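Trainee: What shape does this take:
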Amino acid sequence: MSLLRCLRPLQWLIPVLLLSACVSTAPEILYKDVTPPSSVSIQPLRNPDRPVVALVLGSGGIRGFAHIAVIKVLEAHHIPVDIVVGTSVGSVVGSLYAGGYTAADLEHLAVQLEESQIRDYSITRRGIIGGERLQDFVNRALENRDIEQLPRPFAAVATELDSGRMAVFNHGNTGVAVRASSSIPSIFNPVEINHITYVDGDLKNPVPASIARQMGADVVIAVDISQQPQDHPNASGLIDVLVQSIRIMRQSILGHELKEANVVIRPGISVSSFDFSPELKQTLFKAGEEAATAALPQIFEQLQKSALLKQTRAN
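Mentor: Purely as a prediction, here's the structure:
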């Protein structure tokens, strides 16, 4: 059993425990041999012939395997995706998809994926996972291409820890950007980039549909894999109450952000496990496929509406 799985019931107490622990502070990470990820002025993508479609993949930990099944359904029905935006695990899947991986490629990679390939345990005062292994996994998979070199425009969302501002990485080292976007506080060590500390984008924007709009999307398909508050109606213990409270606060952020989406796909997922078992992966694939299939009529309707609007404006 992995260390993280053992600590999962106490994950929300980890900050308190680590503050009292006599362990070293993680040193600042200086990326001298790569281009640090950054945010440059967004140039909206334009396509005069058809609507520009964006796929926005939300945060949600292990439930991110469902994103792959959504992509599979979109590909099977020849729905083009021009822009990809992701937060946390959504940035992991999104970066690979933007880098040219097909749904079949992603599924094969996911089936073979072991926890040890992306998690490097390094207990410090700021987290229990270093994050370098995830960063290297992404960079190897993408042959060390920077974000601006990927076939599809891509952005990863992170959070500036000190200011609380949202950071949108659309330039520079892809693996570092994904690592910053995925650095769950108290679990992953925060990432230092140019003297700014970044943590998981989930804190600020779990499903960043508004960023897709800024990147030029006419039709935004958002995938929300978060757990709904009603999924845990019997919160009674200290940890249960705290986690449920965080979920409720998160829903207010989502409610505002998802207004920017034309279609919201919500796989029916309630698991919060860190299990990488084949059985759980298949369960998540199935949930993603079913939710995406159910959303197809709405997707085609929105594409048609957007195409007619674009044609009207052109005339």
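Trainee: what about the strands in the stretch 51-200 of the chain?
Mentor: Applying DSSP state E, counting those that start in this stretch to the stretch 51-200 of the chain gives strands spanning 53-57, 83-87, 154-160, 166-169, 191-193, 196-200.
Trainee: and the fifth one, what does it pack onto?
Mentor: Judged by 3 or more C-beta pairs under 8 Å, 6 or more residues apart in numbering; DSSP states H and E, strand 191-193 is in contact with helix 174-181, strand 196-200. (Glycine included, C-beta is placed from N, CA and C.)
Trainee: likewise the last one?
Mentor: Helices and strands touching strand 196-200, as assessed by 3+ C-beta pairs under 8 Å, 6+ apart, comprise strand 154-160, helix 174-181, strand 191-193.
Trainee: What pairs with that strand, parallel or antiparallel?
Mentor: When pairing is defined by DSSP bridges, strand 196-200 lines up against strand 154-160 (antiparallel), strand 191-193 (antiparallel).
Trainee: highest average neighbour count across those?
Mentor: With neighbours defined by mean count of other C-beta atoms under 10 Å, none of these is more surrounded on average than strand 154-160, at a mean of 28.
Trainee: quick one, that one and strand 83-87 angle?
Mentor: What separates the directions of strand 154-160 and strand 83-87 is an angle of 30 degrees, with axes from the mean of the first three to the mean of the last three C-alpha atoms, to 10 degrees.
Trainee: Not counting strand 154-160 itself, show me its contacts.
Mentor: Strand 154-160 has contacts (C-beta atoms under 8 Å, 6 or more residues apart in numbering) with 37, 83-87, 91, 94-95, 98-99, 147, 165-170, 174, 177-178, 180-181, 183, 191, 196-205, 208, 211, 215.
Trainee: cool, stretch 211-219 as well?
Mentor: Applying C-beta under 8 Å, 6+ apart, the external contacts of stretch 211-219 come out as 42-46, 51-54, 56, 82-83, 85, 153, 155, 157, 168, 170, 205, 220, 222, 260, 262-263, 299, 302-303, 306, 310.
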